[in-house]
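> sequence first, predicted coordinates after that:
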Amino acid sequence: MSVVAVLVASGLSVLATVAVLSTWVRVRYARRLSFFRCRVGPPSRRRRRGDARWCRRRTWGTWVGDVLMVRSGPLRLWLTPLPVGVLREVTVEALDHGEVRGLGRRPAALRFTLRGGGEVEVAVAAEDVDSLVGPFLTAALAGLPEARREHGG
């Protein structure tokens, strides 16, 4: 057998193994967790200055408690946990159509604070906003009037 044939056969077997693993991981996670399409990026105030952008590729996210799990890696085979919180005054914001690609005509974003420090913004398609807010439902309720306080005993 020639060296070229061995190299081609080895390459094909590696590609087949990666394809099987990739499919298996996606099916396994899809059965256990409810994922939504998203893009992760720095907070909007840093993006507007032009020193940072949305990640190049769309990914998938899901909530496990109050931890946002985001698929990562070249084939999206890994899950990266992002322990996040939401500030009281933060709400879901509608984005311009051209601001983030690949999430439909009306994308929306929510800014999260990371427990270790720092911030991250996650954008989704308009129909996935309910999935994005996850355990932080109050972030989706913008513009509510303040509750009336009663005085007395």
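Arrived safely, thanks for sending.
> the lowest-mean-pLDDT helix or strand in the chain: what's the following helix or strand?
Counting by mean pLDDT, DSSP states H and E, the chain has its least confident helix or strand at helix 44-48, which shows a mean of 55. Note on helix 44-48: by DSSP states H and E, the next helix or strand toward the C-terminus is strand 59-64.
> ok, that following strand: who's next to it in the sheet?
strand 36-41 (antiparallel), strand 67-72 (antiparallel) (DSSP bridges).
> and that strand, which residues are buried?
Using 16 or more other Cβ atoms under 10 Å as the test for burial, strand 59-64 gives T59, W60, G61, T62, W63. The C-beta positions use only the backbone N, C-alpha and C, and glycine is treated the same way.
> stretch 95-109 now?
Within stretch 95-109, the residues scored as buried using 16+ other Cβ under 10 Å are L95, E99, V100, L103, P107, A108, A109.
> now do stretch 63-71
Residues of stretch 63-71 classed as buried by neighbour count (16+ other Cβ under 10 Å): W63, L68, M69, V70, R71.
> what's the average pLDDT for stretch 129-141?
What stretch 129-141 shows for mean pLDDT is 75.
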